[in-house]
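1. model the following, please.
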Amino acid sequence: MNPGKRIKIVLAKPGLDGHDQGAKVVARALMDAGFEVIYTGLRQTPEAIARIALDEDADVIALSSMAGSHLPVCRKLKPLLEQAGLADKLWVIGGNLPAQDHDALRALGFSGIFPSSSKLDDIINYIRTHAP
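-> From the prediction side, this is the model:
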């Protein structure tokens, strides 16, 4: 990462998930930590997430999923991000993510996995350490 460049994060709420309080808390913490955050709002399609990440030249694509649809959404999103040339960006996901799904999420390219109980400092430090 260029020392003078702020890390830009696109934070998206995919699918029909209508719970965004946690995403807003995380977005505020990331902004307070000095990141540039583009919050997409609720009910984003994988196509919209990939387009926004590309248009915004995001360093990090972050998803917040509370509704249990994280695996199908990530399976649809992965090839879209790859086609958009975003495979080298950091992909992270947080929310209601059962432990038995973590390996599948990692296999899809989501290296940062943050269940609902994760500490904000852990998310911030992970992004600082791993963002391209």
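2. please name every helix or strand in contact with the helix ranked longest in the chain.
-> Counting residues, the longest helix found in the chain (DSSP state H) is helix 70-83. With contacts taken as 3 or more CB pairs under 8 Å, 6 or more residues apart in numbering; DSSP states H and E, helix 70-83 sits against helix 46-55, strand 60-65, strand 90-95, helix 102-107. Just so you know, the C-beta spots here come from the backbone N, C-alpha and C atoms, and that holds for glycine as well.
3. hang on, residue 66 packs against residue 19?
-> Yes - with contacts counted by CB atoms under 8 Å, residue 66 reaches residue 19, the gap being 4.2 Å.
4. looking at these two now, which is surrounded by more residues?
-> Taking neighbours as other CB atoms under 10 Å, residue 66 and residue 19 compare with residue 66 leading, 20 against 14.
5. list the contacts for the closest residue to residue 112 other than its chain neighbours?
-> Excluding its sequence neighbours, the residue lying closest to residue 112 (CB to CB, 6 or more residues apart in numbering) is residue 92, at 3.3 Å. By CB atoms under 8 Å, 6 or more residues apart in numbering, the residues touching residue 92 are 60, 61, 62, 63, 110, 111, 112, 113, 114, 123, 126, 127.
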